[in-house]
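Engineer: after the sequence you'll find the predicted model.
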2 protein chains.
Amino acid sequence: MLPSAPMSENLLGELAGVLPPEGLVTDPDVLDAHRRDQASWAEAGTPRVLVRPGSTREVQDVLRVASAHRVPVVPRGAGSGLAGGANAVEGCIVLSLTRMNRILELDRRGLFAVVQPGVINATLKAAAAEQGLWYAPDPASWEFSTIGGNLATNAGGLCCVKYGVTGDAAMGLEVVLADGSVVRTGGRTVKNVAGYDLTRLFVGSEGTLGIITEATLRLRPRPPPATTLVASFPTLVAAGAAVTEIMAHTRPSMLELMDRATVRAVEAYRPMGLDVDSAALLLARSDAGGDQGVTECSRMAAACEAAGATFVAQSADEAEGELLLGARRLAYPSLERQGATLLDDVGVPLSRIPELLAAVERIAEQRGVLIGTFGHAGDGNMHPTLVFDRNDPAAVARAQEAFDDILRAACELGGTITGEHGVGALKRPYLARQLGPETARLHGTLKAALDPQGLLNPGKML
Amino acid sequence: MLPSAPMSENLLGELAGVLPPEGLVTDPDVLDAHRRDQASWAEAGTPRVLVRPGSTREVQDVLRVASAHRVPVVPRGAGSGLAGGANAVEGCIVLSLTRMNRILELDRRGLFAVVQPGVINATLKAAAAEQGLWYAPDPASWEFSTIGGNLATNAGGLCCVKYGVTGDAAMGLEVVLADGSVVRTGGRTVKNVAGYDLTRLFVGSEGTLGIITEATLRLRPRPPPATTLVASFPTLVAAGAAVTEIMAHTRPSMLELMDRATVRAVEAYRPMGLDVDSAALLLARSDAGGDQGVTECSRMAAACEAAGATFVAQSADEAEGELLLGARRLAYPSLERQGATLLDDVGVPLSRIPELLAAVERIAEQRGVLIGTFGHAGDGNMHPTLVFDRNDPAAVARAQEAFDDILRAACELGGTITGEHGVGALKRPYLARQLGPETARLHGTLKAALDPQGLLNPGKML
């Protein structure tokens, strides 16, 4: 169970003293709308109050009040998280960063942007594009998730296979600590070894170590237009083998997999003529440019054929490529239309991808659960998604068991329980097993050093 | 002054109890050879003993003995560091990792290697190449520096501009903490958000938080052969402007600068027909492959010409490219032959490179010191190198003042006092100014949490 906070009568009054009227919300309907993120299976309490600070200073003031009253603070952005990392604990302060949504600076020649945490990923992408630049990180939620949330979870996406995760784009941060003090990490330089890498310590820490109030993010020149490849496979394992082979000699700018259940769900939702009979589709891209892009795609095509692909096609046509990308982006929304879903997010070493896919197939059969598997195959990061009838308790139990099985299988293959969604409340019970006792203890040591009262996002991750 | 350690009579006996005979050295000549790294200006004490553990277990035992006796431990690899990070403190245990030099695993399909910290960077590169793969990080010391040292400093190099620094290749670590416990961070997956990013916390921490005893490092497919470009500029600032322009639209696989003093030093040491009259040379490479490589080089050539380059030439000939690369790699050794040197390592945002180069020129003139400037221009990471007569106290004082001026100039341009060499003992007095009091305090909090007795590499960085 998530911890609950002690009541404190002066809390609201003191918060009102440090926030403007629009920054303090106690309306029960609004509080209810801010109780949880998109992880429907993770538990959530009811917040006592929602605060919406408009500045770093206001975040500091809120944390000082919270510390004085020993009331937990749960930070959140758009609430699009998939692990319950933004779920409220009983009686907490939910701290929404969505009002801090300004792009403070966009340095075209310095190749960086300085943004507040409530900026939407898509807004930053658009602002960068106006200057001929590119903000690479592209989680599935890029059109509505915030940079703050992306940083808190170290969000991944489709471009990671070549351009890295959100943390790879983070050059520096401003962070408010539990006691209300402000630290600045990193800076505006590409390389910087002056002190510990605190930027990376806060990125992915899910709001448990501090509240990110500003970020300096790396921008890049736009890569050349991509060539897209699609391949169908008779078995999931064959598709996995093609992925391992492709990664051994190519640098695709995208390498995504969708299994039959996923392709059928997409076709049922938005018919676009995808091959619903093969066991798996691979979508790959090269943005190497010029004839090198064609060379890379041909090499990937050959790898697919060698692994037993029954159909392979390439296209340099951008519209066609975007259409296929659109199909991939519909994978999860389409599966959600088939029933209740429990979305997993496991990662394995690149050489173990075929084994992971085989294990997921076996688990689906053994547990009698429909599993749609899709994801970032080129990173070894897959999203097996359990689809079931929420009103059938036996089906729910089988789904929960299959979920556990998948996490165990990934760990047994030298993998991880989460590649990009985070631990949150959803996978908290599984983290210690992956880390082992000494590493788990070190997590506790760091948490205690930075947040001795344990007020920042309690019950998440640790 | 560096702290000194209390004497302890039983220390040697207890160390002898946990180490094989070849693992414990008290010969004064050997101790003297292990007192310092290559940072001739940083102070160094005399160690009481040199230990050379052969296993993680022996490292644990040494740290347990050291903790019990409260004796500082200074870890070191090849001793090729440039910031005094491996310099002994008086009476300490110097812990050399050079005997732990095995490549434990090289997974060709998983694209990673598991290595002990004493493996030489070049050895890993060669082992990867045998499998058709590439270990990217290439600090200037790559032929003799160890992976452990590379990780401890988060070493950079020439390839970082496209492929990142050592930390970007670190997937997981085994680390022995001050109390002798062992933690494992990260893993074998490309993406992993299960818990805090402890890998990045230890990378670049210069041995102050723990001793890295094993690392899982990312390997890559070899990139296509590179096309090389060389350009001469009438002024340093023009060369800097070309760099900023190139980075705004291209992804070079190398972008290096050498100023006139550096080029002349290289020509004096190894004549190879470089243009000794222009103010600066840029060396750039594209490994985009095929006609894309040519396109990128042409675009870089156009940027150089627009910035006022007096000579621009491209070559797809690998031997010619390697020759130019060789010239760049000789920059520092050549300057060292001109007199005593004090090597700096500042970084600035990409848009401020021309200003940094102008500031260094001004400082050289104002202080009356010869400064040879070279470095990783595409990362904004430059090595202004002061050359002077060590026997002339006034010249030494002027060099020290110029060194301070350069650090101040970099910080005023929004930059950093160290891009890749580390803080060590050399720049310890400058770190707090860059970090500010709150961030410096957070460093202290983390250090105290992980090493409460302050025994790991005291007097370095913090």
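Structural biologist: Alright, I've got the coordinates. Since this is a predicted model, take the numbers as computed values, not measurements.
Engineer: from B:Asp179, how far off is the nearest residue to A:Asp389 once chain neighbours are set aside?
Structural biologist: Counting by C-beta to C-beta, 6 or more residues apart in numbering or on different chains, A:Asp389 lies nearest to A:Ala395, which is 4.9 Å off, once chain neighbours are set aside. Where C-beta positions appear, they are placed from N, C-alpha and C, glycine not excepted. A:Ala395 sits 48 Å away from B:Asp179, going by C-beta to C-beta, to the nearest Å.
Engineer: between those two, which has more neighbouring residues?
Structural biologist: A:Ala395 (20 against 15; other C-beta atoms under 10 Å in any protein chain shown).
Engineer: got the phi and psi for the more buried one?
Structural biologist: phi -70, psi -40 (degrees, to the nearest 10).
Engineer: ditto for A:Leu198
Structural biologist: Dihedral angles for A:Leu198 - degrees, to the nearest 10 - are phi -70, psi -30.
Engineer: tell me the bridge partners for the closest residue to it other than its chain neighbours.
Structural biologist: Spatial nearest neighbour of A:Leu198, excluding adjacent residues (C-beta to C-beta, 6+ apart): A:Thr185 at 3.8 Å. According to DSSP bridges, the partner residues bridging A:Thr185 are A:Leu173.
Engineer: give the other helices and strands that the lowest-mean-pLDDT helix or strand in chain A contacts.
Structural biologist: Here the helix or strand of chain A ranked lowest by mean pLDDT, DSSP states H and E is helix A:318-329, holding a mean of 90. With contacts taken as 3 or more C-beta pairs under 8 Å, 6 or more residues apart in numbering or on different chains; DSSP states H and E, helix A:318-329 sits against strand A:227-233, strand A:254-259, strand A:280-286.
Engineer: including distance to chain B and mean neighbour count, could these go into JSON lines?
Structural biologist: Conversion of the helices and strands packed on helix A:318-329 to JSON lines gives the following (distance: least, C-beta to the nearest C-beta, whole Å; neighbours: other C-beta atoms under 10 Å in any protein chain shown):
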{"stretch": "strand A:227-233", "distance to chain B": "12", "mean neighbour count": "25"}
{"stretch": "strand A:254-259", "distance to chain B": "11", "mean neighbour count": "26"}
{"stretch": "strand A:280-286", "distance to chain B": "10", "mean neighbour count": "28"}
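Engineer: could those strands go into JSON lines alongside mean pLDDT?
Structural biologist: As requested, the helices and strands packed on helix A:318-329 are exported to JSON lines (pLDDT from 0 to 100):
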{"stretch": "strand A:227-233", "mean pLDDT": "96"}
{"stretch": "strand A:254-259", "mean pLDDT": "97"}
{"stretch": "strand A:280-286", "mean pLDDT": "97"}
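Engineer: JSON lines please, covering those strands and showing distance to A:Asn10.
Structural biologist: Converted to JSON lines, those look like this (distance: least, C-beta to C-beta, whole Å):
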{"stretch": "strand A:227-233", "distance to A:Asn10": "59"}
{"stretch": "strand A:254-259", "distance to A:Asn10": "52"}
{"stretch": "strand A:280-286", "distance to A:Asn10": "56"}
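Engineer: for A:Leu370, find the nearest of these.
Structural biologist: strand A:254-259 (10.8 Å; C-beta to C-beta).
Engineer: and the closest one, what other elements does it pack with?
Structural biologist: helix A:160-163, helix A:236-249, strand A:280-286, helix A:318-329, strand A:370-376.
Engineer: please identify the deepest-packed of those.
Structural biologist: strand A:280-286 (a mean of 28; mean count of other C-beta atoms under 10 Å in any protein chain shown).
Engineer: buried residues, the next helix or strand after that one. List them.
Structural biologist: The C-terminal neighbour of strand A:280-286 among helices and strands, as given by DSSP states H and E, is helix A:290-306. By 16 or more other C-beta atoms under 10 Å in any protein chain shown, the buried positions in helix A:290-306 come out as A:290, A:292-304.
Engineer: how far does stretch A:335-350 stretch from start to finish?
Structural biologist: End-to-end distance for stretch A:335-350: 25 Å, by C-alpha to C-alpha, to the nearest Å.
Engineer: show me the shaky parts of the stretch 201-350 of chain A.
Structural biologist: The model of the stretch 201-350 of chain A has no residue with pLDDT under 70.
Engineer: next one, pLDDT for the residue nearest to A:Asp389 please.
Structural biologist: On pLDDT, A:Ala395 comes in at 97.
Engineer: care to break chain A down by domain?
Structural biologist: A:11-96, A:103-221, A:227-412 (automatic domain parsing).
Engineer: mind checking which of these is nearest B:Tyr430?
Structural biologist: Judging these by C-beta to C-beta, what sits closest to B:Tyr430 is domain A:103-221, at 8.4 Å.
Engineer: show me how far the closest one is from its chain's centre.
Structural biologist: 13 Å (C-alpha atoms, centre = their mean, to the nearest Å).
Engineer: kindly report the same for stretch A:223-237.
Structural biologist: With C-alpha atoms, centre = their mean, you get 23 Å for stretch A:223-237.
Engineer: go on, stretch A:369-389?
Structural biologist: The chain centre lies 14 Å from the centre of stretch A:369-389; the measure is C-alpha atoms, centre = their mean.
Engineer: heading C-terminal from the least confident helix or strand of chain A, find the next helix or strand.
Structural biologist: helix A:331-336.
Engineer: show me how far that next one is from its chain's centre.
Structural biologist: Worked out by C-alpha atoms, centre = their mean, helix A:331-336 lies 16 Å from the chain centre.
Engineer: number of residues surrounding A:Gly368?
Structural biologist: Neighbours around A:Gly368, by other C-beta under 10 Å: 12.
Engineer: nearest spatial neighbour of it, skipping sequence neighbours?
Structural biologist: A:Gly368 sits nearest to A:Arg398 (C-beta to C-beta, 6+ apart), 5.8 Å away.
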